[in-house]
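> Generate a structure from the sequence data that follows.
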Amino acid sequence: MTHTETICSKCAVGCSVTQWQRRGQLVRVTSHENDDIDEGWICDRGRFDYTDVNDPSRLRTPSIRGARATWADAINAVAAGIKGKGARLGISLPQDITNEEAFLFRRLLDGPLKGAKVKMHGRTAIAAPDGETMRIKEIDDARVIVVVASDLENDVPIIDLRVKKAVGKRGAKLIVVYPDGVDFDRSPQTVHIRNAKGAAAAEVRKLASHELLQNPGGLVAILFGDGRGSENMNELATACGALAEKVGGKEMPLYRATNERGALAAGVAGWDKLERVEALFSWGPPPTAGVPASVKFIAAWDHLPRVGYETAVVLPAATFAERQGSYTNVEGVVQFLRPPIALKQPLMEGWQVLCELGTALGLPMDYSGIVPIQREMKLQTPDPSPEPTPVLVGPAHP
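All right, here's what the predicted structure looks like:
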């Protein structure tokens, strides 16, 4: 059995984890301490949600209407079905799209797939940040923590634990603005303001006069979500920004999808409704709202079989345990993946599939590996923030 340190793919926090493999099977996921983010903690989702990697029914070869096909034939069939559709094409993106895949996909959206409607799985309605946001480790030193429109336990579990640590061990005060019960309610010291759904901004505008914020004695941390889509994010983001300015606070928008912040930076984190589209390119799980009745052509890029794939063009996908690339976490830190399991042919890396699809659509994208893609990304979108040295397929440890 060997183990490899990498990044969890289950939410936007970006915890460091160790993935253990034996004979090509992922058999265990454990924590790998990163004091700036997770402090060695791991949530149940990160620890146990991995068995699909080993599913014996996994898709491993392309197919067209249920019949096995070559990669070339399947990709050409996908291209023929989605090219030139404009707004009649709907694209469903996975929440764990890597930064490198997003970069290549952006090129397709700017070219042969221009005008397509895009919906990203699991993302919030929060816009891309205007500048730097609060870091996770800063929660430890907050004197007052304000949590708005988010159930941290479900949305960002390890941030939930950091808040509990700041309150329980370091004496921070906690204000929660959320319509439903949360696990913080177990503490009698929690100030829980139960707003009507969609009215969080109105409650936030009142908080500057709250007694806990009159003389906080240090950092005020303002963490805000989107109420699972129930809040007007223009109003809520403005209200949280105004509160931060009044009380000297720092903000952390609580993105939910694994690489939502990276996808936003790449301009691919769509929020479009896929209604009335004629063709659907379903990357990852099918759309949450289901396949629109108007769809006449379906292309699926997935690692598991689903109902309806027997009539679609299907491309087999690599799992999180087999992929290279990087994620940008909730606080804006870029972290690199190290796959513990080698990708077995005929499976292809996501960047390879996108390059082949681009060529079939008339937009040649020729890269020898993922490193040249990362170099081009850095040249086109220079980022002044420090990044870790990329480790792509480092040696596993026995």
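
> distance of residue 237 from residue 227?
Relative to residue 227, residue 237 is positioned 12 Å away (C-beta to C-beta, to the nearest Å). From N, CA and C alone the C-beta is placed, and that goes for glycine too.

> Likewise for residue 29?
Where residue 227 is concerned, residue 29 sits at a distance of 30 Å (C-beta to C-beta).

> list the contacts for residue 89?
82, 113, 115, 116, 117, 277, 278, 279, 280, 281 (C-beta atoms under 8 Å, 6 or more residues apart in numbering).

> how many neighbours does the third one have?
When you say that, I think you mean residue 115. By the measure other C-beta atoms under 10 Å, the count of residues near residue 115 is 11.

> same question, the fourth one
Look at residue 116: counted by other C-beta under 10 Å, it has 22 neighbours.

> any idea how far residue 281 is from it?
For residue 116 relative to residue 281 (C-beta to C-beta), the value is 8 Å.

> Residue 237 and residue 227 - which one has more neighbours?
More crowded of residue 237 and residue 227, by other C-beta under 10 Å: residue 227, with 25 against 22.

> Nearest residue to the more buried one in space, please, no chain neighbours.
In this structure, residue 227 finds its nearest non-sequential neighbour in residue 149, 4.0 Å apart by C-beta to C-beta, 6 or more residues apart in numbering.

> And for that neighbour, the neighbour number?
As a burial measure, residue 149 scores 31 neighbours (other C-beta under 10 Å).

> surely residue 142 meets residue 172?
Yes: with contact defined as C-beta atoms under 8 Å, residue 142 and residue 172 form a contacting pair (5.2 Å).

> Can you check which residues contact both of these two?
residue 166.

> ok, of the contacts of residue 89, which one's closest to residue 311?
residue 280 (11.8 Å; C-beta to C-beta).

> mind listing what the closest one touches?
Counting by C-beta under 8 Å, 6+ apart, residue 280 touches 89, 90, 91, 92, 274, 287, 291, 292, 295, 297, 298, 299.

> go with 6 Å
90, 295, 298 (C-beta atoms under 6 Å, 6 or more residues apart in numbering).

> can you confirm it is in a strand?
Yes: the assignment for residue 280 by DSSP: H, G, I helix; E, B strand; the rest coil puts it in a strand.

> Let the chain start at 780 from now.
Okay, residue one is now 780; in that scheme the one you just asked about reads as residue 1059.

> need the strands for the stretch 980-1129 of the chain, in chain order.
998-1003, 1028-1032, 1058-1062, 1076-1081, 1092-1095, 1105-1107, 1113-1115 (DSSP state E, counting those that start in this stretch).

> nearest to residue 853, of these?
That would be, of the strands of the stretch 980-1129 of the chain and by C-beta to C-beta, strand 1092-1095, which comes in at 5.8 Å.

> all helices for this structure, in order.
Per DSSP state H, the chain carries helices over the ranges 823-827, 850-861, 878-889, 931-934, 936-947, 979-985, 1012-1026, 1039-1045, 1129-1139, 1149-1159.

> Throw those helices into TSV and include mean pLDDT and distance to residue 995, thanks.
Shown next, in TSV, are the helices of the chain (pLDDT from 0 to 100; distance: least, C-beta to C-beta, whole Å):
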stretch	mean pLDDT	distance to residue 995
helix 823-827	98	32
helix 850-861	99	53
helix 878-889	98	36
helix 931-934	98	20
helix 936-947	98	13
helix 979-985	98	16
helix 1012-1026	98	6
helix 1039-1045	98	27
helix 1129-1139	98	45
helix 1149-1159	94	39
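
> tally of neighbours for residue 905?
22.

> residues in contact with it?
Residue 905 touches 1005, 1012, 1032, counting by C-beta under 6 Å, 6+ apart.

> Against residue 1019, how distant is the first one?
Taking C-beta to C-beta as the measure, residue 1005 falls 11 Å from residue 1019.

> cool, and the second one?
When distance is defined by C-beta to C-beta, residue 1012 is 10 Å away from residue 1019.

> Which one of those two is surrounded by more residues?
residue 1019 (27 against 20).

> Go ahead and confirm the more buried one touches residue 1001.
Yes: counting by C-beta atoms under 6 Å, residue 1001 is a contact partner of residue 1019 at 5.3 Å.

> Tell me the spatial nearest neighbour of residue 935, not counting adjacent residues.
Per C-beta to C-beta, 6+ apart, closest to residue 935 is residue 792, 5.2 Å.

> try residue 842
With C-beta to C-beta, 6+ apart, the residue lying closest to residue 842 is residue 1093, at 4.7 Å.

> which residues does that neighbour bridge with?
Under the criterion DSSP bridges, residue 1093 forms beta bridges with residue 842, residue 1079.

> mind checking how far it is from residue 895?
19 Å.

> How about residue 1119?
For residue 1119, the distance to residue 895 - C-beta to C-beta - is 34 Å.

> cool, and residue 1113?
27 Å.

> and stretch 1014-1023, which residues are buried?
Neighbour-count burial for stretch 1014-1023, with 16 or more other C-beta atoms under 10 Å as criterion, is recorded at 1014, 1015, 1016, 1018, 1019, 1020, 1022, 1023.

> Hmm, residue 980 and the fourth one touching each other?
If I follow you right, that is residue 1018. Yes: counting by C-beta under 6 Å, residue 980 is a contact partner of residue 1018 at 4.2 Å.
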